[in-house]
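1. I'd like to go over a predicted model; first the sequence, then the structure.
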Amino acid sequence: MSISLVDAGVNLSNHQFDDIHEAVLQRAAEANVTQLLLIGCDLQTSQASLNLAKQFKQFCTAGVHPHDAKTADDHLEKHLTVLSQNHEVVAIGECGLDYNRDFSPRDVQRSVFRRQLQLAEQLNMPVYLHERDASEDMLAILSDFKVRGVLHCFTGDEKALKSYLAMGLYIGVTGWVCDERRGEQLQALVPSIPLNRLLIETDAPFLMPRNIRPRPKSRRNEPQNLPYVCQQIADLKGCEFTEVAKQTTLNFQQLFSIKG
């Protein structure tokens, strides 16, 4: 019997997937990736992800990415609340801090992040978190709220990992862990991530796993490549592929209150 996988992070509303959504999901299904969480990065992509989630019977998030924090207005909470009333929306986000690119001013990032954490608290919903080079501020802000959620696409250091785990957060691992150039730190940390706190994701169309052989001609990552992430984690943990697949699926269902 084949083991089903859950891709806990797909940017299906990205323009690279325009007009090929059905084919992408078909290829994913053929690779036993049967459930997807579609990511919202601003109000427009949150609505688009919801539309796609309804169309293809998947789940999605609704929120504003730190890159897009500068676009948030006074009605943000109202819009996100309306979106969250759809059962397909299972988390507030992608939200957080990104000091690596600084596409939005840092004070604006912090403010918009706080507003979304407060909303998630009010709605009793998990948060879908993004953090790059900002763990100290991120942890300080998170400590002011009672939230549950996942640190999506974790790329931080050991100190940050221990702190996020101590807060009860899940850790999302992408094809970054398959990158022999920049993924060494994450590879070293994977053994210390408890299997019952782990989610696997592609972040497609980004972060193509570099352990795919032969190398794909396209640079567009797809959910069908999630098994390469799963296998890499299994190898690093010294366990079976099926163990990682089963537990990460269970983790996804538990965090987002989804029936198996």
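-> Thanks, I have the structure now.
2. where's residue 244 relative to residue 185, distance?
-> 20 Å (C-beta to C-beta, to the nearest Å). Every residue, glycine included, has its C-beta placed from N, CA and C.
3. also residue 249?
-> Applying C-beta to C-beta to residue 249 and residue 185 gives a distance of 26 Å.
4. can you pick out the residue with more neighbours from those two?
-> Per other C-beta atoms under 10 Å, whichever of residue 249 and residue 185 has more neighbours is residue 249, with 21 against 14.
5. so that one touches residue 8, yeah?
-> No. Using C-beta atoms under 8 Å, residue 249 is not in contact with residue 8, being 9.6 Å away.
6. run the chain-centre distance for the host helix or strand of residue 199.
-> For residue 199, the host element (DSSP states H and E) is strand 198-200. Relative to its parent chain, strand 198-200 has a centroid offset of 9 Å by C-alpha atoms, centre = their mean, to the nearest Å.
7. show me what counts as buried in it.
-> 198, 199, 200 (16 or more other C-beta atoms under 10 Å).
8. cool, stretch 166-180 as well?
-> 167, 169, 170, 171, 172, 173, 174, 175, 176, 177, 178, 179.
9. again with stretch 19-31
-> Those would be 24, 25, 28, 31, for stretch 19-31 by 16+ other C-beta under 10 Å.
10. got it, and stretch 250-260?
-> 251, 252, 255, 256.
11. now flag whichever of the buried residues of strand 198-200 is closest to residue 87.
-> residue 199 (20.1 Å; C-beta to C-beta).
12. residue 60 sits in which helix or strand?
-> strand 59-62.
13. list the strands paired with that strand, with their directions.
-> Using DSSP bridges, strand 59-62 pairs in its sheet with strand 33-38 (parallel), strand 89-98 (parallel).
14. with respect to residue 50, which of the ones you listed lies nearest?
-> strand 89-98 (6.3 Å).
15. for the closest one, give the mean pLDDT please.
-> Taken as a whole, strand 89-98 carries a mean pLDDT of 98.
16. okay, the buried residues of strand 198-200 in CSV with distance to residue 14 and pLDDT next?
-> Output for these, formatted as CSV (distance: C-beta to C-beta, whole Å; pLDDT from 0 to 100):
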residue, distance to residue 14, pLDDT
198, 25, 98
199, 20, 98
200, 19, 98
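17. wait, which of those residues is closest to residue 121?
-> Closest to residue 121, out of all of the buried residues of strand 198-200 and judged by C-beta to C-beta, is residue 199, at 21.2 Å.
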